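Novice: this is a predicted model, with the sequence first.
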Amino acid sequence: MGKITVVIEKDENGFGAFTKNTKSVIIGEGATAAEAKQDFLNSFQEVLESYDSASDIPAELLNPEFEYKYDVSAFFDLFEFLNVSKLAKRIGINPSLMRHYKLGDTYISDSQARKIESGIHEIAHELLSVTL
C-alpha cells in the first residue's frame, strides 16, 4: 500500500483536488473543498475501473493511503465550523490577514502556512486529551 498525496486548493472555479506524486494525475473539482475531495475519489475509482483487470492496475494505485494537503482556503472551507478570527488570535496572526488567507486573495508564505498548521496541530493535540 502506497501513500498518494492529494492537494486540495481553491482555484478560479471553486476548489480542485489533484494527485501530487503519481505518474498519472487524477483530479477532482467542486464548488466546495468537500465536493472536490468527493469528485477526486470518484475519479480515482473510475481510473481503477478503466483497467481491463486488476493485474493491469499500476502498483502505485493499489490500495493507496491518501494524504490530503490543503491550502488555507480549502482547509477553512472544509472545516467551516472553526472561527477564523479566534484561531488567528490564538496562534498569533492578525485576524484580518487570516480572513484574507481564508478567501484566497492574499499570498501566504511558507513560514506563515507552517505557523497556521502548527497551531492547528496544537489544538488537535489538546482536543485529543479531552475526556467528557
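Specialist: Everything's here; your move.
Novice: parallel or antiparallel, list what pairs with the strand ranked longest in the chain.
Specialist: Longest strand in the chain by number of residues, with DSSP state E as the criterion: strand 3-11. Neighbouring strands of strand 3-11 in its sheet, by DSSP bridges, are strand 14-19 (antiparallel), strand 65-70 (parallel).
Novice: so which of those strands comes closest to Glu46?
Specialist: With C-beta to C-beta, the closest approach to Glu46 among these belongs to strand 14-19: 13.6 Å. Using the backbone N, CA and C atoms, a C-beta is placed for each residue, glycine as well.
Novice: restricting to C-alpha, output the closest one in CSV.
Specialist: Extracted C-alpha coordinates of strand 14-19, given in CSV (Å, rounded to 0.1, in the frame of the first residue of the first chain):
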residue,chain,number,x,y,z
GLY,A,14,-14.2,26.8,-6.8
PHE,A,15,-11.9,24.1,-5.5
GLY,A,16,-9.7,21.5,-7.1
ALA,A,17,-8.1,18.3,-5.9
PHE,A,18,-5.2,16.5,-7.7
THR,A,19,-2.6,13.9,-7.1
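Novice: just the strands paired with strand 3-11: most buried one?
Specialist: strand 14-19 (a mean of 22; mean count of other C-beta atoms under 10 Å).
Novice: report the buried residues of the following helix or strand past that strand.
Specialist: Following strand 14-19 in sequence order, the next helix or strand is strand 27-30 (DSSP states H and E). Residues of strand 27-30 classed as buried: 28-30 (neighbour count, 16 or more other C-beta atoms under 10 Å).
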